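**Student:** The sequence and its predicted three-dimensional model are supplied below.
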Amino acid sequence: MAVAAERTPGAAVDENLLVVRDLVKYFPIRKGLLQREVARVHAVDGISFDVKRGETFGLVGESGCGKSTTARLITRLLMPTSGSVVYDGQDISTWPERKIRPLRRDVQMIFQDPYASLNPRRSIGTIIGEPLRLLGIGDRNERRTRVREVMERVGLNPEHFNRYPHEFSGGQRQRIGIARAVVLRPKLIVADEPVSALDVSIQAQVLNLLQELRDEMGLTLVFIAHDLSVVRHMCDRIAVMYLGKIVELASGDRLYDHPRHPYTGALLSAVPAPKASAGRGRQRVVLQGDVPSPVAPPPACRFHTRCWKAQPICSEVEPPLESKGPRDLAACHFPLTDGEVDALTERSAE
Amino acid sequence: MRRRNAVVVGLAAGALVLVAAGFSSGGKTSGAQGKKGGTITMLSNGDVDHIDPGQAYYQFTYAITYITQRPLLAYKPNSVTPIPDLAASMPTVSANGLTVTVHIKHGIKFSPPVNREVTSADVKYAMERGFDSAVANGYASAYFGDLVGAPTTPQNKVPNISGIQTPNKYTIVFKLTKPSGVFVGALQEPLTAPVPASYARKYDKGTASSYGNWQVATGPYMIQNNAAGKITGYAPGRQIVLVRNPNWNPKTSWRPAYADKIVIKEGFDPTVGTKQILSGSADVNGDFPPPAAELKSITSNSSQKSELEFTATSGSRYIALNTRKPPFNKLLVRQAVAYVLDRNAMRLTRGGPIDGKIATHFISPDFGPVGFNQAGGLTFNPFPSAGGSGDVAKAMALMKKAGYKSGKYSGPQVTQVADNSPPGSNTAAVVANSLAKIGFNVKTISVQHAAMYTRFCNVPKNEPNICPNVGWLADFHEPQTLLDPTFNGKNIIPTNNSNWPLLNDPAINKLMDKAELELNPETRYKEWGQIDDMITKTAAAIPWIWETSPTLYSTKVTHASELWNGGEPDMSFMSVK
Amino acid sequence: MALLEIEDLHVSFKTVDGVVHAVEGVSLSLDARKTLGVVGESGSGKSVTAQTILGLTRFPNATISGRILFDGHDLLTMSTEHLRDVRGARIAMIFQDPLSSLHPFFKVGHQIVEAIRAHEDVPRDLARKRTIEALSSVGIPSPEERFNSFPHEMSGGMRQRVMIAMALAMRPDILIADEPTTALDVTVQAQVLELIQALRDDFGTAVILITHDLGVVAQMADDVAVMYAGRVLEQTTRETLFTEPEHPYTWGLLQSIPRLDAPRTGRLNPIAGSPPSLINVPRGCTFHPRCPYAPPPAFETEPALTPSQPGHLVRCHLPIEERKRLWQSLQNEHPALR
Amino acid sequence: MSSVRDEEELHREGAADFVAMDIVGRTPWQLFWVRFRRDRVAFVALGFIVLLVLVAIFAGPISSAFGHPPNAQYPNRLDSFGTPTGPSSSFLFGVDQIGRDVFSRVLYGAQVSLEVALLATAISVGIGVVLGMVAGYFRGWVDTIISRLIDVTLAFPILLLALGIASACSLGNGCAAGLIHPGLGTVIVAIVVINWTYIGRIIRGQVLSLREKEFIEAARAGGARSRTIIFREILPNLVAPIVVYSTLIIPQNILLEAALSYLGVGIQPPRASWGQMLADATSIYSTAWWYFAFPGGALLLTVLAFNLLGDGVRDALDPRTTT
Amino acid sequence: MGAYIVRRTLWAILLLLVVSFLTFVIFNVFPSADPAALRAGRNATPALIEQIRRNLGLSKPFYTQYWIYLKGLLEHFNLGYSYYNTESVKSEIFSRLPATISVTVGGFVAWMLIGIPVGIISAIKPRSLLDRIMMGGSLVAISAPVYFLGLVSLFLFAQGTGVLQWAGAAGSYVPITQNPGTWFNSLILAWLTLAAAFAAFYARMTRGNLIEVMHEDYIRTARAKGLRESVVITKHGLRAALTPIVTMAGMDIGLLLGGAILTEIVFNIPGIGRYAYDAIVNADLPAIQGTVLFGAFFIVFANLVVDILYAFLDPRVTYG
């Protein structure tokens, strides 16, 4: 299996496989006969982060925060409005589709919906083998062999090569999606909510599979989910998004033990733990109201409309994403103190 | 033929009549003394062509025009002899035939809102406006083109024709450039009905005259109008309402005009219309004959049978073979076609024997002594066959003579252009079937009736081998009006041609040119009879029916007379019982 | 006596592919002022059970048997006309997707007024007043204005609040919440759960909470039933379920979830295989194909739901001691389970 | 977001996860066939259509065995008024107004109906699919042009438009520089001009929604070009709607052809067409019932059969339909 | 909303302009009969025909002709004059409108009154015998062309020609102003014939929509809150199921107001459809142009009305 060692020995290797800077994506809202642009959805509004080779980088946030758009920007399924996406030293953010295509071998994606992400009219053998065919890898038989190998590896019966997606359960379909993503032995996989549509018992199987493949193949993984526990389970470093912005970026454990942004704190606090003492003895922060519309996001700190710690400055000056402690980045004027964190989370309460 | 024939004509329900003029063969006019009052309802399938009497050129329209307008001459029912109407007496023709003088009656007044007396200037204006392309009368140049000073090119205004002179209020003098056998007869055309110049001029301006919608009447009836003179009684395609003309003086007219009101209801399916007349909810049929199926049941019902009358029409239907193109440029081939044609089957497409006799030449029995008899009457039949069903053996013999060894045609496909609706489409199918017997493979192009003429049969360069659905009716009882436009080689024109066979036979042309100038009726009719026979023998056009026109009356009206031209009843002679 | 008693409920549907045995012999009971959590994966029959209580599964292709006793009456045999008096008034229900559960063409206020007037002959303005109160009590800001909103004009959380307001406008004895937060984000879920808790505490409404999320159960329920393939596999108090679960399936569920409240682990312990087809349910214990501990009898006969101790029912062939021992060793292996 | 769905719903949709595992190794087309075969009515309709096709193909032998050549005239079968006679042992369906065998002409009329149905449907579907796909896939100005074109076409009174095109093109040499000949060609053009828009709109809509599907993104993520995506990813998913809508517009096209022939601008004589026979029968309907009843009945049955087949195909392809 | 209406209206006007232009092109490029020759009459000389051609503007390039036409239309709402009988096309159309409205609206009432109840009854008990009979019957009705049904109904029922002599005055339209009773009698067969296919189609639509709607979650909610089943069906179910049908009905009636061609021909009703048909047969361009434009106007107008109406019926639709 391909490992990092494939790179030319001795060559200066950047530690970061992916560098994202000030990435912006607006979707125009058009109306009328002339399709004039009347507003824009600020889906991703200036985010920066790095993904190191071999690490699993998490993006977490609620629906509409821009995490899926980010996934499509870094895989260049979407063209960014501005900002840069530097993959392996090359800024691919403005590359035309034609130039991107060879890169598909290295960068693959796993999708959320195991039903919608597989073409119902094609057999799973062709679905999994399609990227090979498109990039002209191997002849028919070689490709077939490789597809069978991959199927076997992700836990599918290679005999089912000629079956159609509708004959498989959700978990199996997600395995097909994973097989398709890894059949090219990519370097980077972006997994967009890969388990959110699955039942818990199946979800665990898929998470394990992803971990195994990552380890075996030396993959770099960008893992996107709304479920904090899943992200934490999978990721080395995690960025928390809110309304198109990264509000906090930290290593998994630090983020959970020492959240600095009130939004992170609120998220953590909102997750009920599956244990008898759930919810008892902690001071739950229940956020009021809903996430504002990304068409007209609040000025300055976008969280200020729902933040219990907000001060006037929060609606006037946008806090930069900056270090609030060792290796933690948070965009907040009034980061949480350790004391507040202890009150919010159960761990400390025990 | 009074149909604005070639061109207008109906599309829809198949039984539309194109028919026209003629001598009433029935002639059982009753109603010598009718009762005054009441309403007569006539049913029609289509509409008049133009409501303006100066534009009208369709026999059905004439049925209305003649009772609302008074041309110089007119016909009494069942007569082929014109008599004075607006004129006080018959026109006098100078010995050289170049001057025609007409006196008009005193005391004839226009209907409201004009209300004044008619003068000879009104007749002059009426005829002159026919030359204005805003009116675009269809026959003005054909019959009145010989007038001195008549425009030879179309006019965009009403011209002053020096050959129409009005020495006094009641006299009109026509000066001709050459003698004409038909000029006097043509004075019965509605174009000679007076139009008040000062009133009408404003409506004649522009590219299309609107006088029709503001017309005034001189006859016993007028189209219902309002105080301003605007016609209110005409809803195109739906209804025409005629009411009494308050300014009509019965003493000046031989029309009895019994009914108070005449309503022409249009848009009737012939079957439905026939049923309504039988049931008494309407009185008489207009432009449509009762369908064959109805005729069948009516003629087999003794009480209904007597409500039906047949009139001959003044022409024939024929198929035209294009003499300019092979294979019909060969006389023998045309004659073979004339032999093989199943005229009986063709006649069945229009209702069988009840629809008329199988024609053997062109001038119809309707003409009687004015050409028909001279042409040989019913006995002249150069291409006989048993029952008119065609003689295949003779035809094949002629084909062999023409060089087709098997007796069957072996050249390329021939084309005919036909109506896309019955009965024309059926007739064409029978023609194709007949020709197939001597080896012809006939391709039929079906188009709308109007397009058949204006795009194909009337345009020599587009003309197909066969035009199976043509026919010509006389405008009035002069054989010239039947044969000259249709077979004289000089009348072949690049558009609007009605010499469909494109016949250009020097002998025939010469004789026609002579007959046109002949003022002596006897000689004239003899010559035309001879011309008829000559044309028939060329088989360039093959006549197949002299149609009769059935008219059905309700039991509520007197058994009225038919109009002179054989098409519609003369409603001014009908009365409600 | 329990407020609601479900006894040996069977529900099956005839479909083109065969008979779907959605619920097989479920017995549950709900006491007044208590919250019963029903937890299970998709296809476990939990929603069908809930909907059958209100007769919402009375489809032409459905076969239903058993008894559902409420207030001394069997809801299953009750005519739809009588059941109507129970629906909404005595037992209310809220659903997973609040957008599709509200009629898109009617104003939300109207939909609540309609519910009130379906049961009580109150004048329109009074019903309106009560509606606004209900909207206000579920924390909807400016309820007078919101009364006239259409569902699509509201956020997901607000819609679910409207559903709850509608359910509680009649002060029902029981609220059935069928996956009430599944379609919602976690912060909104927290709001809604808190609201249900508050209302339960204020009005003393008993709640049946259907969910697939063990965390939600842990936070909300007094008693918990774990369902699988149309059957209840384990039923006990919340406390017992999370500290001494006895069914291997429950163990599997607990092990499958990554935990926030414990240090990260390398790998999860998933349950092998997939849930069975409800048309073709495995012989014996329905869970045995996926159970690492299944004893031989589980391959042949289906175990009964039997008490291992008072108030703790388990449907398992494993001896009680064995189950306790296995749970102990699992806890040792996975500290998160402690 | 989780997609936990309630069981009842899943089973109503007939394709639940649980069930799927029991059905093994069936392609979507096998599934279709299994479902279709269960629909007895549609099956009978299919049988009728097969029969009709055979009748159309073997119209010659059949009519010579039981009737007379379609264009042969038997004037002696008309009475002296030219009205046709009704069914008899040698003329099973009677004769028409010029003495042709109605039975044979009904048989031959089937040829016209089927030819038009199939050709016009195929062409309009072809154009509709291509333009719909182009519009839906590339969007932007291409889509704007195509969509506006559809809007304009649909703003026409369609029968008038067809009538106009057909009557304009039924002139001798046809229209469009002789490309479109009178008769069958004209009818097909008139139908296609109108009908492609329906297919085009539907396909465009389908493509618009398909192109947002994750599997398209997946294909792009795998390096697929537009061409690959259109032909390998999107097109296979359009097969079902194309088949469904084709079967639904076949009967419409048959009716439209008949209407145009009825109005006299359709099939050129002497070819027999049901619509034209009905038009000819209109003037004698009260006396010659056989002349409208047989062609009309044949038309009705044919359209009905195609409608039933279309319903069956749709149900079998899309089990969620509720009919 | 106001801006939306304005925008949609502008688009509608643009559409009509395009339609008028295309009509002009189609019928100018492919004319079927020579209008000047038609107008000139049988005995006219080629010169007169040329003159008329010039007078009618037919010799000008067609874009000039179109411009003249358009100017007349915009300045005086003048649809021109028939080549065939020089009558004003506008007044012809308007005088025929009552007949077309009579047929269309009567047919509309008939098909709605038949179709929707049948659909509802079928939907309430799907797959019942009654449902099967009604849906089978509706498919037959959909499959029957109007001119065939018309003939059959005339053959069976028309007074005078029919076997049963039931509907009087069929085949001869009488304006309502003249005699309402006869008007009704003369149109009843036309209404039923026209309505047959539509009623069937609407029945199937209603049934399909209602069945689908009855599976919606909000119907479950309505039941769960204790509403009577009748209320659930008639209020919650029909409200959603009939909304798209209202849209269709609006479009259909718009389409038919431009002329129910086949019905008007079969039943001899002097309406716009018949006028349009005659115009095409006569190659009467001004009349063709007028009727096509008139038909297009109703189609576009109906679309506009329906779109706006939809905003009231379906609150989810937003216009900006």
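**Tutor:** That came through, no problem. None of these values were measured; they are calculated from a predicted model.
**Student:** in the stretch 351-500 of chain B, which spans are strands?
**Tutor:** Here the stretch 351-500 of chain B has its strands, by DSSP state E, counting those that start in this stretch, at B:356-357, B:414-419, B:442-447, B:466-473.
**Student:** ok, the most centrally placed residue in chain A to A:Val195 distance?
**Tutor:** Central residue of chain A (C-alpha atoms, centre = their mean): A:Ile224, 2.4 Å from the mean position. Here the criterion is C-beta to C-beta, to the nearest Å. By it, A:Ile224 lies 11 Å from A:Val195. C-beta here means a position set from N, CA and C on the backbone, and glycine is covered the same way.
**Student:** can you tell me which residues contact B:Pro82?
**Tutor:** With C-beta atoms under 8 Å, 6 or more residues apart in numbering or on different chains as the criterion, the residues that contact B:Pro82 are B:Leu73, B:Ala74, B:Tyr75, B:Met90, B:Val184, B:Gly185, B:Leu187, B:Gln188, B:Phe476.
**Student:** So which of those belong to strands?
**Tutor:** For these, membership in strands holds for B:Leu73, B:Ala74, B:Tyr75, with DSSP state E as the criterion.
**Student:** Which of those sits closest to chain E?
**Tutor:** The shortest approach to chain E among the ones in strands among the contacts of B:Pro82 belongs to B:Leu73, at 18.9 Å (C-beta to the nearest C-beta).
**Student:** Make sure the closest one is actually in contact with B:Asp85.
**Tutor:** Yes - with contact defined as C-beta atoms under 8 Å, B:Leu73 and B:Asp85 form a contacting pair (5.9 Å).
**Student:** who touches both of those two?
**Tutor:** Taking C-beta under 8 Å, 6+ apart as the contact criterion, the residues that touch both B:Leu73 and B:Asp85 are B:Gln188.
**Student:** okay, these two: which has more neighbours?
**Tutor:** Ranked by neighbour count (other C-beta atoms under 10 Å in any protein chain shown), B:Leu73 and B:Asp85 place B:Asp85 first, with 28 against 23.
**Student:** quick one: that one from B:Asp342, how far?
**Tutor:** When B:Asp85 is compared with B:Asp342 (using C-beta to C-beta), they lie 44 Å apart.
**Student:** And for B:Lys461?
**Tutor:** The spacing between B:Lys461 and B:Asp342, counted by C-beta to C-beta, is 31 Å.
**Student:** Just the closest residue of the stretch 1-150 of chain B to chain E, please.
**Tutor:** Using C-beta to the nearest C-beta, the single residue of the stretch 1-150 of chain B nearest to chain E is B:Gly138, 2.1 Å away.
**Student:** what's the neighbour count on that residue?
**Tutor:** As a burial measure, B:Gly138 scores 29 neighbours (other C-beta under 10 Å).
**Student:** still on that earlier bit, who's more crowded, B:Lys461 and B:Asp342?
**Tutor:** Ranked by neighbour count (other C-beta under 10 Å), B:Lys461 and B:Asp342 place B:Asp342 first, with 24 against 8.
**Student:** List phi and psi for that one.
**Tutor:** Taking degrees, to the nearest 10, you get phi -90, psi 80 for the backbone angles of B:Asp342.
**Student:** gap between it and B:Phe328?
**Tutor:** 18 Å.
**Student:** before we move on, back to that, make sure the residue nearest to the centre of chain A is indeed in a helix.
**Tutor:** No - when DSSP: H, G, I helix; E, B strand; the rest coil is applied, A:Ile224 is found to be strand, with no helix at that position.
**Student:** Which positions in the stretch 201-350 of chain A make contact with chain C?
**Tutor:** By the criterion of C-beta under 8 Å from any C-beta of the partner chain, the positions of the stretch 201-350 of chain A lying close to chain C are A:201-205, A:207-208, A:211, A:226-230, A:232-234, A:252-253, A:256, A:266-276, A:278-279, A:284, A:286-288, A:290-291, A:346-347.
**Student:** Inside helices: which ones of the residues you listed?
**Tutor:** The subset of these located in helices under the criterion DSSP state H comprises A:201-205, A:207-208, A:211, A:228-230, A:232-234, A:252-253, A:256, A:266-270, A:346-347.
**Student:** List the contacts of residue 198.
**Tutor:** I went with chain A, as the question did not name one. Taking C-beta under 8 Å, 6+ apart as the criterion, A:Leu198 is in contact with A:Pro114, A:Gly170, A:Gly171, A:Gln174, A:Val206.
**Student:** Can you look at chain E instead?
**Tutor:** Taking C-beta under 8 Å, 6+ apart as the criterion, E:Phe198 is in contact with E:Gly107, E:Phe108, E:Trp111, E:Gly115, E:Asp252.
**Student:** The residue lying closest to the last one once chain neighbours are set aside: helix or strand, and which one exactly?
**Tutor:** Counting by C-beta to C-beta, 6 or more residues apart in numbering or on different chains, the nearest residue to E:Asp252 once its immediate chain neighbours are dropped is E:Phe198, at 6.6 Å. Assigning secondary structure by DSSP states H and E places E:Phe198 in helix E:180-213.
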